[in-house]
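just a sequence and a predicted model for now, questions to come.
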Amino acid sequence: ALGDKLPAGVSSTLSAAGGKAAFAIWTTTPWTIPANLAVAVNADLDYCLVKMQGDAATNWLCDHLVVAASLVESLAEKFGIQLEVLATFKGGDLEGCQYKHVLYGRESPLVIGGDYITTDSGTGLVHTAPGHGQEDYQVGLKYGLPLLSPVDNAGCFTEEAGPQFAGLAVQSDGNAAVINALSAAGVLLKEEQYAHKYPYDWRTKKPTIFRATSQWFASVEGFRSEALEAIRAVSWVPAVGQNRITAMTEGRSDWCISRQRKWGVPIPVFYDKTTGEPLVTEETLDHITAIISQHGSDIWWTAPLEQLLPADMQHLAQNFVKGEDTMDVWFDSGSSWAGVVRAREQEGLRFPADLYLEGSDQHRGWFQSSLLTSVATMGQAPYRQVLTHGFVLDERGNKMSKSLGNVIDPRIVINGGKDQKKEPPYGADVLRLWVASVDYSTDVMIGAGILKQVSEAYRKLRGTLRFLLGNLADFDPSKDVVPYEQLPAVDKWLLAKHAAVMAEVQEAYDSYQFRRVFQACLNFVSNELSSFYLDTAKDRVYIQDQNSSSRRACQTVQAAVLQGLLSALAPLVPHMAEDAWLNLPQHPSSNTATTSSSSAAPSSSSSSNGSNGQESSSSNGASSSSS
């Protein structure tokens with residue numbers, strides 16, 4: 001049947017061809033031909049009606065074809081025939097035409113597809129099966145086409161595909177059977193090997209198939225505006241995260257929450273054996289919830305159906321079957337706020353959570369699923385802040401892979417490898433310091449050269465702390481502290497610098513900018529302390545009288561700086577900070593230490609469990625600090 005959009009001249013030419021005219025389609029999945037419900041064309045491409053001439057065409061059912069105009073010559077060569085152009089028209093003119101399926105005789109429409117229809121290959125007309133492909137499915141929705149997917153869960157044709165195909169595996173015997181049927185019907189124009197991309201299952205390394213199946217969906221439309229408002233109320237680190245999740249939420253379609261897996265949390269729905277209608281009510285859900293709370297989710301698979309139904313419905317058990325769908329794992333993880341935070345509020349946890357922390361890919365995953373489940377049920381986001389980080393790459397910026405041999409094992413970084421000259425034991429603190437030194441908002445790199453640089457920074461910090469500890473060996477804060485007003489100008493200057501650094505450190509910690517903490521402390525230690533103040537303080541500490549006001553003033557400042565540095569560095573390098581803290585000659589406050597006697601503390605030459613012996617002398621002259 002011809003559509004009313006065709007020009008009069010074209011209509012008359014096509015009508016003259018009559019039943020001998022056909023639309024030439026092509027496909028890389030012959031097994032989907034039984035599910036064909038439309039032929040799609042590109043509205044902007046030129047198409048033409050051609051007459052086929054030549055010996056190869058004598059056994060074909062038709063002698064006229066509609067193909068893309070730019071492919072006429074290449075198709076003639078491929079088919080081994082002559083193609084005479086009788087009429088040319090736009091693809092949009094074909095919309096509304098009808099054709100009969102070559103194997104089943106049913107009538108289906110010509111439809112307008114998308115940009116995926118090109119003349120790079122094929123015929124310019126695309127076989128469309130809404131039950132077996134996303135693009136086809138979208139076209140089917142646009143034109144109100146039914147869903148036909150005559151393939152079962154085992155990947156075999158069902159009776160709906162016809163007796164000649166039923167029971168055949170679609171990607172093996174089924175493919176061959178369809179091709180043979182097309183050939184027997186006189187409609188197979190060409191069969192050839194064609195190299196192209198096709199999705200494979202990552203686990204089994206086998207090709208996949210697409211089927212339209214009944215699923216459970218959660219509608220987002222009803223609370224999308226509330227979700228967007230909740231996003232604006234959250235602090236995003238880095239700030240660009242808000243833009244990412246906002247765009248994803250604005251454009252999100254309904255959420256398919258069901259999966260066909262043999263593991264996972266079951267969707268507690270019963271189905272009528274006769275009609276297939278689902279049974280899910282507040283009463284059945286409350287009953288299942290109580291059972292799962294007591295026995296766990298596996299009870300759905302192990303218990304008889306009678307036990308899973310409420311008492312007043314158990315007599316109907318023979319009429320139902322249990323659903324076998326499982327919940328989308330993102331729904332599981334997205335509900336973790338309810339199972340962890342909300343469920344333990346009496347134990348001290350707070351809802352919403354203070355912080356969600358994950359990789360940048362989770363704006364589409366955990367962050368969004370958590371947001372949607374929480375806003376839908378609680379009316380607010382499940383978190384106050386969200387921090388995202390990049391991924392770890394090797395020293396050259398390449399993704400780590402076992403096959404490439406570029407994986408960095410944290411255990412080897414900490415404990416060292418078999419050849420400890422090539423893979424020295426840096427200790428946990430060096431690895432932590434590396435984490436603190438990088439900009440985690442983007443992908444970060446790690447390798448032998450980078451770790452060596454970080455270990456040098458670690459030694460600089462450790463050597464400075466040891467130097468300060470050595471200078472305070474005879475300093476008693478309870479009686480030797482010099483009031484600020486009596487400090488020399490250089491001491492006041494250092495305290496001012498130190499205060500500025502501590503303020504920057506506090507601000508950086510509050511915004512999770514650990515790199516700023518690392519840089520601020522290292523710059524202060526390297527510049528103000530090592531390069532200037534500690535160098536000029538040697539005469540005051542080593543030569544002047546033990547109880548002179550100048551020497552005690554210098555020690556007062558060094559004690560304050562040491563305590564501040566330890567507080568700033570403790571979250572980054574806790575082993576080193578704890579080691580230094582326990583070696584203070586006298587702890588600064590009674591509630592921050594277990595002993596105030598320097599003789600009871602470990603020797604300053606011992607190393608903590610996390611430092612793995614990374615002791616070194618300081619460039620400040622710690623090796624000559626004895627008097």
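Yep, that arrived.

when you work out contacts or count neighbours from here on, use the C-alpha atoms and nothing else.
Fine.

show me what the longest helix along the chain is packed up against.
With secondary structure taken from DSSP state H, the chain has its longest helix at helix 448-471. Other helices and strands packing on helix 448-471, by 3 or more CA pairs under 8 Å, 6 or more residues apart in numbering; DSSP states H and E, are helix 428-437, helix 549-569, helix 574-582.

redo the ones you listed as CSV? Include mean pLDDT, distance to Leu371 and mean neighbour count.
Converted to CSV, the helices and strands packed on helix 448-471 look like this (pLDDT from 0 to 100; distance: least, CA to CA, whole Å; neighbours: other CA atoms under 10 Å):
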stretch, mean pLDDT, distance to Leu371, mean neighbour count
helix 428-437, 94, 28, 21
helix 549-569, 93, 34, 21
helix 574-582, 94, 34, 21
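
buried set for the longest helix of the chain?
Counting neighbours by 16 or more other CA atoms under 10 Å, one finds that the buried residues in helix 448-471 are 451, 454-455, 457-471.

what about stretch 334-341, distance to the chain center?
For stretch 334-341, the distance from its own C-alpha centre to the chain's C-alpha centre is 19 Å (CA atoms, centre = their mean, to the nearest Å).

just stretch 374-394 next, same as before
If you compare the mean C-alpha spot of stretch 374-394 with that of the full chain, they lie 12 Å apart, counting by CA atoms, centre = their mean.

would you mind writing the CA trace of it as PDB?
Taking Å, rounded to 0.1, in the frame of the first residue of the first chain, the C-alpha atoms of stretch 374-394 are listed here in PDB:
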ATOM      1  CA  SER A 374      15.700   9.000  49.900                       C
ATOM      2  CA  VAL A 375      13.800  11.900  48.300                       C
ATOM      3  CA  ALA A 376      11.000   9.600  47.300                       C
ATOM      4  CA  THR A 377      10.600   8.200  50.900                       C
ATOM      5  CA  MET A 378      12.000  10.900  53.200                       C
ATOM      6  CA  GLY A 379      11.700  14.000  51.200                       C
ATOM      7  CA  GLN A 380      15.400  14.900  51.500                       C
ATOM      8  CA  ALA A 381      18.800  13.900  50.300                       C
ATOM      9  CA  PRO A 382      20.500  11.200  52.400                       C
ATOM     10  CA  TYR A 383      23.700  13.200  52.700                       C
ATOM     11  CA  ARG A 384      24.900  16.600  53.600                       C
ATOM     12  CA  GLN A 385      28.100  16.500  51.600                       C
ATOM     13  CA  VAL A 386      29.300  14.400  48.700                       C
ATOM     14  CA  LEU A 387      33.000  14.100  47.800                       C
ATOM     15  CA  THR A 388      34.200  12.500  44.500                       C
ATOM     16  CA  HIS A 389      37.600  11.500  43.500                       C
ATOM     17  CA  GLY A 390      39.300  10.300  40.300                       C
ATOM     18  CA  PHE A 391      41.000   7.000  39.500                       C
ATOM     19  CA  VAL A 392      44.600   5.900  40.100                       C
ATOM     20  CA  LEU A 393      46.800   5.600  37.000                       C
ATOM     21  CA  ASP A 394      50.400   4.500  36.600                       C
END
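
what about it, average pLDDT?
For stretch 374-394, the mean per-residue pLDDT is 93.

then stretch 259-279?
Model confidence over stretch 259-279, given as mean pLDDT, is 91.

okay, how far is it across it, tip to tip?
For stretch 259-279, the first-to-last residue distance is 18 Å (CA to CA, to the nearest Å).

that's a helix at Ala343, yeah?
Yes - Ala343: assigned to a helix according to DSSP: H, G, I helix; E, B strand; the rest coil.

what's the burial count for it?
Applying other CA atoms under 10 Å, we find 14 other residues in the vicinity of Ala343.

likewise Tyr116?
The burial count for Tyr116: 10, using other CA under 10 Å.
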